[in-house]
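# no FASTA, just this:
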């Protein structure tokens, strides 16, 4: 179900745009302090291209609304919103609009797990079964054709080696998602409703009964492995996953609008989700109130985030804002520190943002994968503007972020469109950001 992937598309009626730049040392929408672009080596004239391009998308109803933010050298140099957070209600997009960030949850989960790594709770090459015994004797699926019917049948063989914690973090565990493909293993995931109405402990138990799609360590394959990390965090810390995130990440990073649920008091700031119909028009996606209903209906219905979804998904369950996610990114760019509080060591951030795949296939040319992020190895090979060592990820509704240590640059793009496959709004924003560098 490639329709599920994550990216950026949009619509909208009006051109509701927030202030392009704020004056030095001013505050916008109670957010971070903003400086003029030239202060940090960006060009105001060149940044104006972002407005031109995004307003055109809004005017032509390609997108409903979006917000964009650029920080460089520890300062916010650009923030702007376009279009509507809710077209039907006439609510403009704002910088503090709350978005479903889907897989941009994954780097947060990986940071949480690496905090426990720093405390000596595990080693990266430890077998996962050391802490989650359900994974002790995994089988690997082998698809063969039935000689009589010609239909594929599944046989299994014992995995040649155990799944390690590092496999979970770099997507080489041999797990899958069940929604992006139609292998026999994918069908097993769907039959077991692996992302349905379960808590994390039940999810891990059900998952471990299904054969792996690949031998551990042999291929990068996007999967539910980060949801397994959420359960691992519970076991290693002795705390519920959401409590650990709140205490160790959200509170110290002042991520006050980030969580698995949107409180009723903030519902007015929650963006509506849209889809692009076959006719090319924008249409709101209905919401669902139970995880099972949402799982069965995705992407034709999305969680309302007003009600508990059962499983706390470390792979895609959070909502957040551009401002909150900036705090998370800035902590990483500042080598694990935020306003004098250290969440990770410099060496841990370096380890996470290094390529851990080497020659393991699965990612595109010039791109590797670290512990929670895609990592740029060679922008020329990838055909993507950026710097070697830049790391990034995105979400199913088109949200996108990247951190470029070489340029001391953070880019964040928020949008709410499902599915996003084939839509390049976030990639456009990336190019428009890099072309504005003037130093």
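That came in fine, so what should we check first? Just so it is clear, the model here is predicted, and its values are computed rather than measured. Residues are numbered from 1 along each chain as shown.

# tell me where the stretch 1-150 of the chain has helices.
With helices called from DSSP state H, counting those that start in this stretch, the stretch 1-150 of the chain shows them at 44-59, 105-118.

# just the ones you listed: most buried one?
Across the helices of the stretch 1-150 of the chain, averaging neighbours per residue (mean count of other Cβ atoms under 10 Å) puts helix 105-118 on top, at a mean of 23. Every C-beta, even on glycine, is put in place using the N, C-alpha and C of the backbone.

# thinking again about what came up before, including mean pLDDT and distance to residue 192, could the helices of the stretch 1-150 of the chain go into CSV?
Below are these laid out as CSV (pLDDT from 0 to 100; distance: least, Cβ to Cβ, whole Å):
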stretch, mean pLDDT, distance to residue 192
helix 44-59, 97, 40
helix 105-118, 99, 22
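
# got these as CSV, with distance to residue 173 columns?
Shown next, in CSV, are those (distance: least, Cβ to Cβ, whole Å):
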stretch, distance to residue 173
helix 44-59, 38
helix 105-118, 14
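
# let's verify the residue lying closest to residue 207 once chain neighbours are set aside: helix, strand, or coil?
Of all residues not flanking residue 207 in the chain, residue 194 sits nearest, at 5.8 Å (Cβ to Cβ, 6 or more residues apart in numbering). Classification of residue 194 using DSSP: H, G, I helix; E, B strand; the rest coil returns coil.

# and residue 194, what's its pLDDT?
Residue 194 is assigned 92 on the pLDDT scale.

# ok, it touching residue 210?
Yes - between residue 194 and residue 210 there is a contact at 7.3 Å, judged by Cβ atoms under 8 Å.

# give me the more crowded residue out of these two.
residue 194 (23 against 20; other Cβ atoms under 10 Å).

# show me what contacts that one?
178, 203, 206-207, 210, 224 (Cβ atoms under 8 Å, 6 or more residues apart in numbering).

# neighbours around residue 174, how many?
24.

# which secondary structure element is home to it?
Per DSSP states H and E, residue 174 falls between elements, in no helix or strand.

# repeat that for the one 3 residues further on.
Counting by DSSP H and E, residue 177 is held by no secondary-structure element, helix or strand.

# quick one: pLDDT of it?
In the predicted model, residue 177 carries a pLDDT score of 96.

# which residue, other than its chain neighbours, is closest to the residue nearest the centre of the chain?
With distances taken as Cα atoms, centre = their mean, the residue of the chain nearest its centroid is residue 104 (1.8 Å). In space, and not counting its chain neighbours, residue 104 is closest to residue 395: 4.4 Å by Cβ to Cβ, 6+ apart.

# how far away is that neighbour from residue 379?
Separation of residue 395 from residue 379 (Cβ to Cβ, to the nearest Å): 22 Å.
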